[in-house]
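Novice: just a sequence and a predicted model for now, questions to come.
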Amino acid sequence: MKKNLFSSAQALNKSFAERIVTLLKQGIENNGRASLIVSGGRTPQALFAELSETDLDWSKVVVSLADERWVETSDDASNEKMVREHLLRGKAGKATFVGLKTEAENAEDGVASCIEHLSQIPMPFDVLILGMGEDGHTASLFPCSAQISHGLDRDNQDAYLAVQPTTAPNWRMSLSLTALLNSRQVFLHLQGDKKKAVLDQALAGTDEFEMPIRAVLSNTDVELMWAP
Ligand SMILES: O=C(O)[C@H](O)[C@@H](O)[C@H](O)[C@H](O)COP(=O)(O)O
């Protein structure tokens, strides 16, 4: 794993935004359009602000989510809301956004339309940015959930699945492991010593059901972007 350790979040965000834009430009050059898949949570918010002011032909970029909480898109827990507020504005306001929350009453009923909407996103994904929880979850592949074996199943070709974490609120929609691995470049974006210790624990073991991030780390090249 290539580890990029920065002295501050500010330095990380600047350099990370440049890397992302370079990769998206390459995707546009090669395929006419490029895809950027982002995670929710707190960590990426300042990066998104930096990215939204970075020059790029954003009209050729499709932004979508690694996961979503099954709440209204006006709810503060909504990843779509966060991405609209922090990333899809300024220069990046021209990007096309493919959200995961549908009108379906529950996440399980929403899976089919998410799979249908996937055709709007250039595949393989050009850039995937993952976060990680202190329990080793990534996207919404939660170790505590009953759906984790389905999410990590290499034979499960469905790009999305509904997940109910028992240690966090809200049903979720998550990309499956198979879909996450269908990315040209995967970044793991972490902040703080606690997350670094969790990553070290993940790298020291092999049980994917205990820490689902291991399934990503052991199956594709992942670049770490870390700041204190
Ligand atoms: O929507 C989500 O909850 C996520 O996509 C999730 O996988 C997140 O990346 C981690 O939980 C880290 O979250 P923090 O950045 O808030 O620590």
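Specialist: Happy to help now that I have it.
Novice: what sits against the nearest residue to residue 34 once chain neighbours are set aside?
Specialist: Spatial nearest neighbour of residue 34, chain neighbours left out: residue 27 (3.0 Å); criterion: CB to CB, 6 or more residues apart in numbering. The way it works is simple: take the backbone N, C-alpha and C, and place the C-beta from them, glycine included. Counting by CB atoms under 8 Å, 6 or more residues apart in numbering, residue 27 touches 33, 34, 35, 122, 126, 127, 184.
Novice: nearest to the ligand among the residues you listed?
Specialist: residue 127 (15.0 Å; CB to the nearest ligand atom).
Novice: so that closest one is in which element?
Specialist: strand 125-130 (DSSP states H and E).
Novice: I'd like the mean pLDDT over the helix or strand following that strand, please.
Specialist: Beyond strand 125-130 in the direction of the C-terminus, DSSP H and E gives the next helix or strand as helix 148-152. The predicted model gives helix 148-152 an average pLDDT of 98.
Novice: how about the CA coordinates for helix 148-152, as PDB?
Specialist: The C-alpha trace of helix 148-152 is given here as PDB (Å, rounded to 0.1, in the frame of the first residue of the first chain):
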ATOM      1  CA  ILE A 148     -21.900  -8.400   5.200                       C
ATOM      2  CA  SER A 149     -21.400 -11.800   3.600                       C
ATOM      3  CA  HIS A 150     -23.500 -10.800   0.600                       C
ATOM      4  CA  GLY A 151     -21.600  -7.500   0.300                       C
ATOM      5  CA  LEU A 152     -18.200  -9.200   0.300                       C
END
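Novice: packing partners for it?
Specialist: On a contact count with 3 or more CB pairs under 8 Å, 6 or more residues apart in numbering; DSSP states H and E, helix 148-152 meets strand 160-163.
Novice: ok, and what's touching the strand it packs on?
Specialist: Under CB under 8 Å, 6+ apart, the answer for strand 160-163 is 70, 100, 106-108, 110-111, 114-115, 118, 140-142, 145, 147-148, 150-151, 171-176, 179.
Novice: what about the residue nearest to residue 34, distance to the ligand?
Specialist: Distance from residue 27 to the ligand, counting by CB to the nearest ligand atom, to the nearest Å: 22 Å.
Novice: and what of residue 140?
Specialist: Applying CB to the nearest ligand atom, the value for residue 140 to the ligand is 6 Å.
Novice: residue 48 too?
Specialist: Applying CB to the nearest ligand atom to residue 48 and the ligand gives a distance of 12 Å.
Novice: so who does that residue touch?
Specialist: 38, 83, 86, 87.
Novice: what average pLDDT does the lengthiest helix in the chain get?
Specialist: Ranked by residue count, the top helix of the chain under DSSP state H comes out as helix 9-31. For helix 9-31, the mean per-residue pLDDT is 98.
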